[in-house]
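>>> Next comes the sequence, and after it the predicted model I'd like to discuss.
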Amino acid sequence: MKVGIEEKFMIKELISEKTAEAIKKAAKKGELGQLKPEDITELFIEKTKNPEFGDYAVNISPLAKNARMAPPKIAEAIKSYLNIDDVEVSIIQGFINFKLGNSILNNGIAKIILKNKDFGRNNLGNSEKVLLEYVSANPTGPLHIGHGRWAAVGSALANLLKFSGYEVDQEFYINDAGNQINNLGKSLWIRILQELGVEANFPQTEEEGSKNYYSGDYLIEVAKEYLKHNKDKAEEFYKNNSEPLNPSDEVIHKMSGFAKGIMFKQQEDLLRKFRTEFDTWYSETTLHQSGEVEKTIEKLRSLDKLYEKEGALWFKSSEYGDDQDRVIKKGDGSYTYLTADIAYHYDKVERGFERLINIWGADHHGYVARIKASIEAMGKNPNCLEVLLGQLVNLIISGEQVRMGKRRKMLTLEDLIEEVGVDATRFWMIMRSIDTTLDFDVDLAKSCSDENPVYYVQYAHARVCSILRTATGERFDQDNKTLLPPFITQEELKELVNSEKFDKNFLEALWKTNSEKELESTKALILKLESFEDLVQTAAKTRSPYMIARYCQELAKDFHYFYTFTRVLNVENDVMKARLCLINAVKQVFANALDLLGVCAPESM
RNA sequence: GCGCCUGUAGCUCAGUGGAUAGAGUAGCGGUUUCCGAAACCGUUGGUCAUGGGUUCAACUCCCAUCAGGCGUACCA
């Protein structure tokens, strides 16, 4: 079956277009007072607050100013030109309300069956080439919970943007150069010495430089791994480096190289397990080695954006809105972190990406102005860079807040996933707007109870599947002790939702009932399903995967409500078929939505 | 001091300048001979931090104040 006109449009679009037409007609005829057709602003179609009013509504009060008429009169004038098939139009004060008829609702289901996996897909992005960078952790230790939030949100956002017609590349910038990497090497050296039985300790106080070491236990394993293959080498190093805290550059280099290799591999493996897949792993070191960093400096120099002061080289970022100028090359001749980052972002633009989206922790927000300044200084449009600043994560364990410290003992992302599972962790990480500090309640996320929104959603999906299984399974007749044939065979069920030959007429049976509850719950469910398309666009536009998570909860709610009042099986055959088709649509929408989140939609649980 | 984020029900959070500010959870009271009760229904609970301003209309926009978080490096 081909997609008919009715199935092409979202209900909101349909109402919006028809209303705009009606307003234009009324304005042309001079029935809207002073209002001219060009005064018409974008109409805001909303769901009604109260179902008694109808299903959708548009508030025409904003037109009152230009028209110089009372809102109810405006509404009356517009209404007389408003004619939408199978939609009842009514007026209450400044609102025009729309009540949808059955055939519009049936079309909503038909659209889902026809579009299937592509229901919700749209072309908002218009193939814009996006580089989405997130996580970008230092390879100096295990990923922590905060990284987990960006991994979950970032990968979900990537899915969402792709679904909305953007061409997305996901990238992880490996901060594998600079001081922290040296510190990592020095720290590993101490662990290796300890494994060799040498007296070697991390500095204990800040004065002694404890901040410059990674004293977490995880390096013990790395030290053991190193010694497995390089024991002789380590002993040889020790002969020439008797002071544990002052190894030679050669030792530091070897140690940091080994450690970061292992750390990076661990991060990569964990992220994959967490369903976060990057297209590119971009190493900071390669930026230095390829001369990209030098080239960037030369470019800025040639544009007269650099100057020397107090033995350092500065970038005039304050010319572009930054609070102050920034050091590009330190007094000791080395570069700051910013320098490579400028080169990196310039490279992103040079690679042909039209939009750069970064997810950064809020603790990096001071960086936004400098990077934007550098993009502008290099002659590109700084607005192509969108930085999504996410607030941090607090862990709640047994009702108490546990603060994360990088260099102390901590709960890593791996531990969390181990305890809570990938699905629950992802859902919890995604379900809040990134503007708010996330309280991650480990006990709640772990609990397989009604308190856990993940299971609430997954349970709804499993319930749908359970009905479908029951529908096609043989039944045992208690009274006669015999087996009855299934309600419907596998083949019949498949035919019912076959998008090739789909005939929506049989959906009329959904409305045969006289039960208010059945009608109401069926209608609410269909409206929720239909609204997914619009929601995806809003979520993509505002870069808000959390909206998808909320939607899943709402859909689950509407389905459970439907389930409670409306039986699918053991009803008249044509009604059953129509309802089976409806719950198939529910299953499909859950699958599409959960897929965007990277959360499983289980058949049973 | 300055900058960014936050402040909405006991708790965790939604809310696009528009109708009586919503959900989950907690509390209280109910619902299962019948497709999965990991569910559902009802009910209690609000000075939308405070004070001004703009607007026909403000939780929403602007200003100030208060509170919390995060920044404010020749660290990354």
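It's in. Residues are numbered from 1 along each chain as shown, chains lettered A, B, ... in the order given.
>>> now that we're looking at the residue in the stretch 101-250 of chain A that RNA strand B sits nearest to, which residues does it contact?
The nearest approach of the stretch 101-250 of chain A to RNA strand B comes at residue A:178, 3.6 Å away (CB to the nearest atom of the strand). (Each C-beta comes from the backbone N, C-alpha and C, glycine too.) Residue A:178 sits next to A:284, A:337, A:340 when contact means CB atoms under 8 Å, 6 or more residues apart in numbering.
>>> Looking at those residues, which one is closest to residue A:490?
Distance to residue A:490, by CB to CB, is smallest for residue A:284 among the contacts of residue A:178, at 55.0 Å.
>>> Nearest residue to the closest one in space, please, no chain neighbours.
residue A:177 (4.6 Å; CB to CB, 6 or more residues apart in numbering).
>>> surely the one you found meets residue A:341?
No: Residue A:177 is beyond contact range of residue A:341, at 11.1 Å (criterion: CB atoms under 8 Å).
>>> List the contacts of the residue lying closest to residue A:28 once chain neighbours are set aside.
In this structure, residue A:28 finds its nearest non-sequential neighbour in residue A:37, 6.5 Å apart by CB to CB, 6+ apart. Contacts here follow CB under 8 Å, 6+ apart; on that basis residue A:37 touches A:23-24, A:27-28.
>>> Go again with 10 Å.
The contact partners of residue A:37, taken as CB atoms under 10 Å, 6 or more residues apart in numbering, are A:20, A:23-28.
>>> Let me have those in CSV, extended by secondary structure.
CSV is the format used below for the contacts of residue A:37 (DSSP: H, G, I helix; E, B strand; the rest coil):
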residue, secondary structure
A:20, helix
A:23, helix
A:24, helix
A:25, helix
A:26, helix
A:27, helix
A:28, helix
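>>> between the contacts of residue A:178, which is closest to RNA strand B?
residue A:337 (3.4 Å).
>>> how close does the residue lying closest to the closest one once chain neighbours are set aside sit to residue A:441?
In space, not counting the residues next to it along the chain, residue A:337 is nearest to residue A:178; the distance is 6.2 Å by CB to CB, 6+ apart. Applying CB to CB, to the nearest Å, the value for residue A:178 to residue A:441 is 36 Å.
>>> cool, residue A:159 as well?
25 Å.
>>> Tell me how far the residue nearest to residue A:28 lies from residue A:17.
15 Å.
>>> what's the answer for residue A:319, then?
Distance of residue A:319 to residue A:17, computed by CB to CB: 47 Å.
>>> what's the answer for residue A:276, then?
To residue A:17, residue A:276 is 40 Å away according to CB to CB.
>>> More neighbours: these two, which one.
residue A:276 (25 against 13; other CB atoms under 10 Å).
>>> how would you label that one: helix, strand or coil?
Going by three-state DSSP: residue A:276 is coil.
>>> okay, it: pLDDT?
For residue A:276, the model assigns a pLDDT of 97.
>>> Now for it: which residues touch it?
Here residue A:276 is in contact with A:134-135, A:147-148, A:150-156, A:158, A:170, A:172, A:268, A:270, A:426, A:598 (CB under 10 Å, 6+ apart).
>>> How is chain A partitioned into domains?
Recorded structural domains for chain A (assignment: automatic domain parsing) are A:5-100, A:453-597.
>>> Just the mean pLDDT for the first one, thanks.
Summarised as a single mean, pLDDT over domain A:5-100 is 86.
>>> for stretch A:304-315, same thing?
94.
>>> before we move on, the earlier item: quickly note the distance from the residue nearest to residue A:28 to residue A:306.
55 Å.
>>> number of nearby residues for residue A:118?
If we define neighbours as other CB under 10 Å, then residue A:118 has 10 of them.
>>> ok so, going back, closest to residue A:395 among the contacts of residue A:178?
For the contacts of residue A:178, the minimum distance to residue A:395 (CB to CB) is 27.5 Å, reached by residue A:337.
>>> now that closest one: how far from residue A:63?
Taking CB to CB, one finds residue A:337 at 54 Å from residue A:63.
>>> These two: who's more crowded?
Shown here are residue A:337 and residue A:63; by other CB under 10 Å, residue A:63 has more neighbours (24 against 14).
>>> Where does pLDDT dip in chain A?
Applying pLDDT under 70 to chain A flags the ranges A:1-7, A:39-41, A:399-400, A:402-410, A:448-450.
>>> Let me know the secondary structure of the residue in it sticking out farthest from the centre.
Computed with CA atoms, centre = their mean, the residue of chain A farthest from its C-alpha average is residue A:480, at 53.6 Å. Assigned with three-state DSSP, residue A:480 falls in the coil class.
>>> just residue A:603 next, same as before
Residue A:603 ends up coil, using three-state DSSP.
>>> what's near enough to touch it?
A:461-462, A:464-466, A:468-469, A:587.
>>> again, only using 6 Å
Neighbour list for residue A:603: residue A:465 [criterion: CB atoms under 6 Å, 6 or more residues apart in numbering].
>>> do residue A:368 as well
Residue A:368 neighbours (CB under 6 Å, 6+ apart): residue A:387.
>>> The helix or strand where it lies: what's the following helix or strand?
For residue A:368, the host element (DSSP states H and E) is helix A:367-377. Note on helix A:367-377: by DSSP H and E, the next helix or strand toward the C-terminus is strand A:385-390.
>>> who does that following strand pair up with?
strand A:355-361 (parallel) (DSSP bridges).
>>> tilt between the partner strand and helix A:367-377?
For strand A:355-361 against helix A:367-377, the angle by axes from the mean of the first three to the mean of the last three CA atoms, to 10 degrees is 160 degrees.
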